[in-house]
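Enquirer: sequence first, then the predicted structure:
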Amino acid sequence: MMSHVWHPYTHLKTQSPAPKVVGGEGPRFTLESGEQLLDATCSWWCMIHGYGHPRLVAAIREQAGELCHVMLGGLSHEPADRLASELVRVTPEGLNHVFYSDSGSVGMEVAMKMAVQYHHLRGKAGKHRMLSLMKAYHGDTSGCMAVCDPEEGMHSLFAGYLPRHHFAPAPTAPYDAEPEAVAQDLAALRRVLEQYHHESAALLMEPLLQAAGGLNMTSPLYLKGARELCDEFDLLLVFDEVATGFGRTGRLFAADHAGITPDIMVLSKGLTGGHLGHAATLATDRVHDAFIGDSPYHAFMHGPTFMGNPLACRVALESLAIFEEEHYLDRIAGLHRILREELVLDTRLRAHSLVADVRALGATAVIEVRDPASLKGVADFARQQGVWLRPFGRWLYTMPAYITSERDMRRITGVMKAWFS
Ligand SMILES: Cc1ncc(COP(=O)(O)O)c(C=O)c1O
């Protein structure tokens, strides 16, 4: 039967038929044909518990029996209240207020609007642009496209349609860089701030791991330095932890590596263990309290229909409980050891003529090639060996579910390496 589904990021002329998924268990999903594929990407990095986790499925079922949805405008409910408290508990000290929405992109839109309105309410309406980083990816809605890398990103054709923001160079010092190397990245950031701080509301960044912009892994010292620069130049610091949140970098949040609190933090993907689209934009008292006032402009005019959806909040609570009770950070450390051993420390792989770099951070690893053409065919190659890989551009990566066994993790890295042998 012909499918009427328009698939994302695909050329309609060259796309191959999308195989139909009928179920999944653990780190694997099952196709209609019976074929089982070990998911090296945990479905765009969100199915952190893998597929069909009994506790998550039960949580959704239980909640569905009580209340599937109700508007959050003027009403509240137990799962929304409880999840907000839990998010305040686990995120960096000082993020005390939670605004819900329905996807990572919308969570970022909320963050940007909040930052602009914050300055407006303080009498600084001129601070209405964003400062973003090259190699950034913050989502596909119009507001988010405007703060994605304007050159390498996939949105350049929309340049004439999008609002104009400012960009600082992407940090280059790696995770374990010496302070001197990070100082150069921070000096570059300072130069842009000196030029544009008067019209910039917030510095946006995917802390430590610029994900869809090329898996660029950077230093916690850069985060600390960015925090200080934002205070000096009166910009809010917004951490987009849509991809990095919930353990991906080896700590619960990337901010935890630096021991700092951003003014605004956005969470999605792993928030619900990938089971329902949802996001949370958290803010500090400083940001929140600027909205306490008498003028009509003090209300935050945003409210997606599905914000705080009870099913999403309930499954998010269960996801966080599993994460903590089952010591996921230890599992992630275990996965990281394998990724380092199998990929980063493999001298043959690193020396391969097609390979430009191999790096890992937490439960993420990437083989970056020199020429994107050398990854053509790798997804089919992996599928023949029972592994679902979905490289993009020059990046062959894995971001597995945290329940992936050591054996399966080595299977994924084995297939990634086999492509080069
Ligand atoms: C860092 C980051 N921000 C925002 C988004 C957008 O999230 P969504 O696809 O849920 O809109 C993504 C998605 O990959 C992301 O990686």
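Expert: That came through fine.

Enquirer: can you give me the strands in the stretch 201-350 of the chain?
Expert: 209-210, 216-217, 236-240, 264-267, 279-284 (DSSP state E, counting those that start in this stretch).

Enquirer: now the third one: mean pLDDT?
Expert: Averaged across strand 236-240, the pLDDT comes to 99.

Enquirer: how about the second one?
Expert: For strand 216-217, the mean per-residue pLDDT is 98.

Enquirer: same thing with the longest one?
Expert: pLDDT averaged over strand 279-284 equals 99, rounded to a whole number.

Enquirer: that one - which strands sit beside it in the sheet, and in what orientation?
Expert: Paired with strand 279-284 in the same sheet, following DSSP bridges, are strand 95-101 (antiparallel), strand 264-267 (antiparallel).

Enquirer: turn those strands into TSV, including mean pLDDT.
Expert: Shown next, in TSV, are the strands paired with strand 279-284 (pLDDT from 0 to 100):
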stretch	mean pLDDT
strand 95-101	98
strand 264-267	99
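
Enquirer: and of these, who's closest to Ala115?
Expert: strand 264-267 (6.6 Å; CB to CB). In short, each C-beta sits where N, CA and C put it, glycine included.

Enquirer: which residues touch that closest one?
Expert: With contact meaning CB atoms under 8 Å, 6 or more residues apart in numbering, strand 264-267 is reached by 87, 91-92, 95, 104, 107-108, 110-111, 114-115, 202, 236-242, 245-246, 253, 255, 279-284, 287.

Enquirer: domain ranges for this protein?
Expert: Domain assignment for the chain by automatic domain parsing gives 58-324, 329-397+409-421.

Enquirer: can you list the ones you listed in JSON lines and add mean neighbour count?
Expert: Formatted as JSON lines, these follow (neighbours: other CB atoms under 10 Å):
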{"stretch": "domain 58-324", "mean neighbour count": "20"}
{"stretch": "domain 329-397+409-421", "mean neighbour count": "18"}
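
Enquirer: make TSV out of these and add distance to the ligand.
Expert: TSV is the format used below for these (distance: least, CB to the nearest ligand atom, whole Å):
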stretch	distance to the ligand
domain 58-324	2
domain 329-397+409-421	11
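
Enquirer: picking that back up, could I get the strands paired with strand 279-284 as JSON lines with distance to Ala177?
Expert: Converted to JSON lines, the strands paired with strand 279-284 look like this (distance: least, CB to CB, whole Å):
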{"stretch": "strand 95-101", "distance to Ala177": "27"}
{"stretch": "strand 264-267", "distance to Ala177": "24"}
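
Enquirer: closest one to Cys313 among the ones you listed?
Expert: strand 95-101 (7.7 Å).

Enquirer: remind me which residues of the stretch 101-250 of the chain are low pLDDT?
Expert: Within the stretch 101-250 of the chain, the stretches with pLDDT under 70 are 153.

Enquirer: helices along that one, start to end?
Expert: All helices of the stretch 101-250 of the chain, identified by DSSP state H, counting those that start in this stretch, fall at 104-121, 142-145, 179-196, 220-233.

Enquirer: for the last one, packing partners?
Expert: Going back to what we said before, that points to helix 220-233. helix 179-196, strand 200-205, strand 236-240, helix 255-258 (3 or more CB pairs under 8 Å, 6 or more residues apart in numbering; DSSP states H and E).

Enquirer: I'd like those laid out as CSV, including distance to Pro310.
Expert: Output for those, formatted as CSV (distance: least, CB to CB, whole Å):
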stretch, distance to Pro310
helix 179-196, 41
strand 200-205, 30
strand 236-240, 25
helix 255-258, 28
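
Enquirer: against Phe253, how distant is the spatially most central residue of the chain?
Expert: The residue lying closest to the centre of the chain (CA atoms, centre = their mean) is Ala243, at 1.6 Å. Distance from Ala243 to Phe253, counting by CB to CB, to the nearest Å: 11 Å.

Enquirer: OK, contacts around the residue lying closest to Ile260 once chain neighbours are set aside?
Expert: Nearest residue to Ile260 in three dimensions, chain neighbours excluded: Arg227, at 4.6 Å (CB to CB, 6 or more residues apart in numbering). Arg227 makes contacts with 237, 258, 260, 262, as judged by CB under 8 Å, 6+ apart.
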